[in-house]
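Chemist: Just the structure for this:
(2 chains)
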Amino acid sequence: MAPNTTASTIVDPFADHRWSESSRAPHIEVRDVTVSFGAYTAIRDIELNIARGEFVSLIGHSGCGKSTLLNLMAGLGRPTAGTIRIEGQIVEGPGADRCMVFQHHGLLPWLSVYDNIYVAVDAARRTHSAEEKAARTQRVLQAVRMWDHRTKKPGMLSGGQRQRVAVARAFAVAPSVLLLDEPFGAVDALTKRALHRELVELSSIVGSTETVVMVTHDIDEAIFLSDRIVVMTDGPAAGIREIVDVPIERPRTLADVMHSAVYIELRDHLLALLGDDEPR
Amino acid sequence: MSALSEQRVAVGLRIGGRHVEVPAAKIARSIAVNVGSMMAAAAILGFIWAMATATVGDDLPGPVVTMKTFLSLISDPFYDRGPNDKGIGLQLAASLWRVFRGFAVGTVVAIPLGVLLGANAVTRRILDPIVQVLRPVSPLAWFPIGLVTLKSAPDAAVFVVFITSLWPTVINTAFGVSSIPQSHRNVARVFEFSPATYVRRVMLPHSLPHILVGLRLSLGIAWVVIVAAEMLSGGTGIGFYVWDAWNALDLQRVISAILLIGIVGLLLDRMVSIIARRFEYPEVP
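Modeler: Predicted coordinates for the structure are as follows:
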C-alpha cells in the first residue's frame, strides 16, 4: 500500500481501493435482509452492496438496527429473511475472512494485553509457528503504542488504551473485512482523533484489510473515515434512508477534511437527515 | 512506631498482582489495630462466657479454668498413649486428613458436574432435579450409606464429608459457567476459538472466582460435618475427642476442643481466600 510515510502526512491505506474495483461483484452484498425477534422487526428489506476496498459507515440513532446489520455480516446472527454474501458466499457464521472490533472492546479481563492479542492470533493462524505469532502480536501492539503496556490486564488500562488493544487485536488476525461496532463510542473526543489516525496507520502497516464497515453515531468520524455513509431510518423496522457519498480525496488529513467546503455541506446534510425534526 | 516512621523503613508487598512499597510504620499500625481488635473480641467473648457461667450455666466451667486446660492441651498436642489417649493435635490431624480426602474427591466430582449444569440447557434439565433433591439432605443421613458401602466407620465419615461438600462447589461452578457474558462468547466466536481454547481462555478463567467461592463454602461445610460424623464413627478425630470428653464429663476439654475447631475452621477459610486472591483480575468497566 501507499509507501511514503512522513511524520506530517498520514498515509491513507484506503486511498487506492476506492471505487477502482467496484464495477465487479461486490465484496459484501446485503440482499433484502430482514431481522425479526419474535413480533419485533429490527431491520426490514435492507439492500446494500459494498465494493472491495470501500470504507462504509452505518449511521443512525440508537436502536436503529445498525449493530444488528453488522452482527449479520460478522456471522453472529442470521437474517430472518434475505441473504448476506461476502465474496459471493452466503454468510452462515463467523469466518477467518472477517473480524470485528466490539463496542465495549471485548477484551478478556483475565488475560494480559499481550495474551489477549496472542490468543486471537493463535486461534486464527493455527498453522503458523509460535515465533511468527509472537512477532505478529508484537507488531500490532507496537503499531498502537501499547507494547510497553503488554503485561497489564485490561482493567488497568484507560478506555482509549483498551480500544487501541481491541483494534490491534482485530488487525492482528489480518481479516479482509473489518467490522467496527462503534469502536470509539466510549472514548473522549481527543483520544478519538488519535485512534482514528492509528486506525488509518495500522491498516497501512498491517495491510490485508480491504473493506471496512463501521457502525457509528458520530458524523465527523463517519465523514473523515468513509467513502460512503449509509444513513438508517429509526427502528422498529429500520431501513436505509439515504446513502451519502463522501467525495473527499484520499489520503485525507483531519485538517484537510475539516476545512473543505464538501465537509461542511456533508455535515449539514447528515445533520438534517438525522435531525429530530426531519419527517420519517 | 515513631522511631520506625522516622527511619522511613519500607517493606515490599505484592497487592493485587502489583509490587507496592509500604512504609513499615503503616504495617506496624495495621498489626497493632488487628491485634487490638482481636483482644477486644476475646475480651467480649470471655465476658459473655463468664456471665453465662455465673448466671444460667453454673455447670459450665468458666473461662479461666478452661484456659488452663486449653493451654495444657496445646502445650503437648502430639502425644500418643495408645488408641484411647492421643494429643489434641493428632486428633485434629486425623480430622483434617479425612476432610482433605472427602473434599478432594468432592472437588473432582463437583467441578465437572457444575460445568455440565452450567454449560448446557439439556444437561441442566436432567441434572438439576438430582442436585436439588440430594442437596438438602442432612449430612448424617448419609452415614449408613457410607457404612454399608465402605464397611468402615472412619471411611464412612470421609464419605459424608465428600457428599455434603459437593453442593456449594457444584452450584457455584454452574453459576460461573452459565454467567459468561455474551460479549466474551462473541469474541470466542468471531476469533474462532477452538473448544479447548474456549474452555481454557474463557470458560475456566471466568468461572474460577466462582468455583473458588464454592470450594471455600464446601471446605467450611466439610469441617462442620466432620465433627458430627466422627461423633458417630468414633475411634479418632476431633469429633470423637469432643464426644469422648463429654462421656468423661470433662467440659473443659469439650470447650477447649470447640475453640480449636473454630480456630482451625478460620484458618482453612483464610487459606482458600488467599489462594482465591491469586486468581483475581481487575474488573473492566
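Chemist: C-alpha only now, for contacts and for neighbours.
Modeler: OK.
Chemist: Worst mean pLDDT across the helices and strands of chain A, which element?
Modeler: helix A:189-206 (a mean of 81; mean pLDDT, DSSP states H and E).
Chemist: Likewise for chain B?
Modeler: Using mean pLDDT, DSSP H and E, the lowest element in chain B is helix B:2-7, with a mean of 45.
Chemist: got a list of what the residue of chain A found nearest chain B touches?
Modeler: Checking chain A residue by residue against chain B with Cα to the nearest Cα singles out residue A:155 as nearest, at 4.4 Å. Shown in contact with residue A:155 (Cα atoms under 8 Å, 6 or more residues apart in numbering or on different chains): A:109, B:281, B:282, B:283, B:284, B:285.
Chemist: Just the buried residues of those residues.
Modeler: A:109, B:281, B:284 (16 or more other Cα atoms under 10 Å in any protein chain shown).
Chemist: Check the closest residue in space to the first one that isn't next to it in sequence and give its pLDDT.
Modeler: The spatial neighbour of residue A:109 that comes closest, neighbours along the chain excluded (Cα to Cα, 6 or more residues apart in numbering or on different chains), is residue A:154 at 5.4 Å. Residue A:154 carries a pLDDT score of 93 in this model.
Chemist: Quickly list what the residue most central in space within chain A is bridged to.
Modeler: Nearest to the mean C-alpha position of chain A, by Cα atoms, centre = their mean, lies residue A:180 at 3.0 Å. For residue A:180, the beta-bridge partners under DSSP bridges are residue A:101, residue A:214.
Chemist: and it, what does it touch?
Modeler: Contacts of residue A:180 by Cα under 8 Å, 6+ apart are A:100, A:101, A:102, A:103, A:212, A:213, A:214, A:215.
Chemist: Number of residues surrounding the first one?
Modeler: Which is residue A:100. Residue A:100 sits with 31 neighbouring residues when counted by other Cα atoms under 10 Å in any protein chain shown.
Chemist: count of residues packed around the closest residue in space to it that isn't next to it in sequence?
Modeler: Take residue A:100 and drop its neighbours on the chain: the residue closest to it by Cα to Cα, 6+ apart is residue A:179, 4.5 Å away. By other Cα under 10 Å, the residues close to residue A:179 number 25.
Chemist: Over to the one 10 residues further on?
Modeler: Residue A:189: 11 surrounding residues under other Cα under 10 Å.
Chemist: show me where the chain has helices.
Modeler: Picked chain A for this. A:66-74, A:113-124, A:130-143, A:159-172, A:189-206, A:219-225, A:254-259, A:261-274 (DSSP state H).
Chemist: was after chain B, sorry
Modeler: So, for chain B - with DSSP H - the helices run B:2-7, B:24-54, B:63-75, B:88-119, B:121-134, B:143-150, B:153-178, B:182-190, B:195-198, B:204-233, B:238-247, B:251-278.
Chemist: Please state the offset of stretch A:232-252 from the chain centre?
Modeler: Here stretch A:232-252 is found 14 Å from its chain centre; the criterion is Cα atoms, centre = their mean, to the nearest Å.
Chemist: Pull the CA coordinates from it and hand them back as CSV.
Modeler: C-alpha atoms of stretch A:232-252 as CSV (Å, rounded to 0.1, in the frame of the first residue of the first chain):
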residue,chain,number,x,y,z
MET,A,232,-30.5,4.4,8.5
THR,A,233,-34.1,5.3,9.5
ASP,A,234,-35.2,4.9,13.1
GLY,A,235,-36.4,1.5,14.2
PRO,A,236,-38.5,-0.5,14.5
ALA,A,237,-38.3,-1.9,11.0
ALA,A,238,-35.4,0.3,10.2
GLY,A,239,-34.3,0.7,6.6
ILE,A,240,-31.8,2.8,4.6
ARG,A,241,-32.8,6.4,4.4
GLU,A,242,-30.1,7.5,2.1
ILE,A,243,-26.6,6.6,1.1
VAL,A,244,-24.3,9.6,1.1
ASP,A,245,-21.1,9.7,-0.9
VAL,A,246,-18.0,11.3,0.6
PRO,A,247,-16.2,12.9,-2.3
ILE,A,248,-13.1,13.9,-0.5
GLU,A,249,-9.7,13.0,-2.0
ARG,A,250,-7.6,10.5,-0.2
PRO,A,251,-5.2,10.4,1.5
ARG,A,252,-7.1,12.6,3.9
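Chemist: Quickly list the domain ranges of chain B.
Modeler: B:2-60, B:88-278 (automatic domain parsing).
Chemist: any idea which of those scores lowest on pLDDT?
Modeler: Among those, domain B:2-60 scores lowest, with a mean of 79.
Chemist: Quick check: residue B:234 touching residue B:242?
Modeler: No: assessed by Cα atoms under 8 Å, residue B:234 is found out of contact with residue B:242, at 10.3 Å.
Chemist: what about those two, which has more around it?
Modeler: Neighbour tally, residue B:234 and residue B:242, criterion other Cα under 10 Å: the higher count belongs to residue B:242, 23 against 17.
Chemist: Next to chain B, which bits of chain A? Give me the list.
Modeler: Taking Cα under 8 Å from any Cα of the partner chain as the contact definition, chain A meets chain B at A:74-76, A:94-96, A:98-100, A:106-110, A:120, A:123-124, A:153-156.
Chemist: Give me the phi and psi angles of residue A:126.
Modeler: phi -60, psi -30 (degrees, to the nearest 10).
Chemist: Next up, phi/psi of residue A:235, please.
Modeler: When read as degrees, to the nearest 10, the backbone of residue A:235 gives phi -80, psi 180.
Chemist: dump the residue contacts of it.
Modeler: Residue A:235 is in contact with A:42, A:43, A:63, A:64, A:65, counting by Cα under 8 Å, 6+ apart.
Chemist: What is the neighbour count of the residue nearest to residue A:138 when sequence neighbours are not counted?
Modeler: In this structure, residue A:138 finds its nearest non-sequential neighbour in residue A:147, 6.8 Å apart by Cα to Cα, 6+ apart. By other Cα under 10 Å, 17 other residues sit near residue A:147.
Chemist: Residue A:124 versus residue A:147, what's the distance?
Modeler: Applying Cα to Cα, to the nearest Å, the value for residue A:147 to residue A:124 is 21 Å.
Chemist: Residue A:201 now?
Modeler: Distance from residue A:201 to residue A:124, by Cα to Cα: 22 Å.
Chemist: The two - which one has more neighbours?
Modeler: A side-by-side neighbour count of residue A:201 and residue A:124, using other Cα under 10 Å, places residue A:124 first with 23 against 19.
Chemist: for chain A, what are the nearby residues on the stretch 51-200 of chain B?
Modeler: Residues of the stretch 51-200 of chain B lying near chain A (Cα under 8 Å from any Cα): B:183, B:184, B:186, B:187, B:189, B:190, B:191, B:192, B:193, B:194, B:197.
Chemist: ok, of those residues, which one's closest to residue B:176?
Modeler: residue B:184 (13.2 Å; Cα to Cα).
Chemist: any idea how far that closest one lies from residue A:237?
Modeler: According to Cα to Cα, residue B:184 stands 28 Å off from residue A:237.
Chemist: For the residue in chain A sticking out farthest from the centre, grab phi and psi.
Modeler: Most distant from the centre of chain A: residue A:39, at 30.0 Å, with distances by Cα atoms, centre = their mean. When read as degrees, to the nearest 10, the backbone of residue A:39 gives phi -80, psi -10.
Chemist: can you count the residues close to residue A:252?
Modeler: Residues near residue A:252, counting by other Cα under 10 Å: 18.
Chemist: What I need now is the buried ones among the contacts of residue A:155 written out in a markdown table, including pLDDT and distance to residue B:175 for each item.
Modeler: Below are the buried ones among the contacts of residue A:155 laid out as a markdown table (pLDDT from 0 to 100; distance: Cα to Cα, whole Å):
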| residue | pLDDT | distance to residue B:175 |
| --- | --- | --- |
| A:109 | 94 | 18 |
| B:281 | 88 | 18 |
| B:284 | 81 | 20 |
